[in-house]
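J.: Pasting the sequence and the predicted coordinates here, then a few questions.
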Amino acid sequence: MSRILLLFSFFTIGIIFTSQAQADKKNTRSNSFEPYAENAQADTNSAKQKKSRKSKKNKQSFRSWFKKDLENKKEEFYELMEANAKRDRKMAKEMKKPQYSDPSYFGHKKKPKKRKPGKRKLCKECGIVH
């Protein structure tokens, strides 16, 4: 039991010392940059001015590029919509054929023959006797 208490006390003391050492490191890091604070502010101000000049040019070129790209996308969209409408009209025209609209064709390209009741056979295509 005494061994466990001894290990626990060493462990807690170690944690306390490491946390204090880390706090000291943080304080020394923040203090070490104080003499350079004025130069750093001047550098950031000049960098902001350069960025603002560049960003205006970039924004204008981006806007013009975006407008051109948007116009191209609109044209592509209208072309695709016209192609889709044409395809739909063709499909509707095809569906008017009796093969698709007349129920007696049911799965056949040609209308099946209607045989006499004694001669009827099971159709392999549709599974109906006719």
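T.: Cool, the structure landed.
J.: where does this structure have its least confident helix or strand?
T.: Lowest on mean pLDDT, DSSP states H and E among the helices and strands of the chain sits helix 2-32, with a mean of 64.
J.: Contacts only, for Val129.
T.: With contact set as CB atoms under 8 Å, 6 or more residues apart in numbering, Val129 has these partners: 120-123. Just so you know, the C-beta spots here come from the backbone N, C-alpha and C atoms, and that holds for glycine as well.
J.: pLDDT of the helix or strand harbouring Ala83, averaged?
T.: Using DSSP states H and E, Ala83 maps to helix 37-95. Helix 37-95 shows a mean pLDDT of 78.
J.: Could you do stretch 115-129 as well?
T.: pLDDT averaged over stretch 115-129 gives 88.
J.: Could you list the buried residues of it?
T.: Applying a neighbour-count criterion of 16 or more other CB atoms under 10 Å, stretch 115-129 contains no buried positions.
J.: now the end-to-end length of it.
T.: From its first residue to its last, stretch 115-129 covers 9 Å (CA to CA, to the nearest Å).
J.: Thanks again, I'm all set now.
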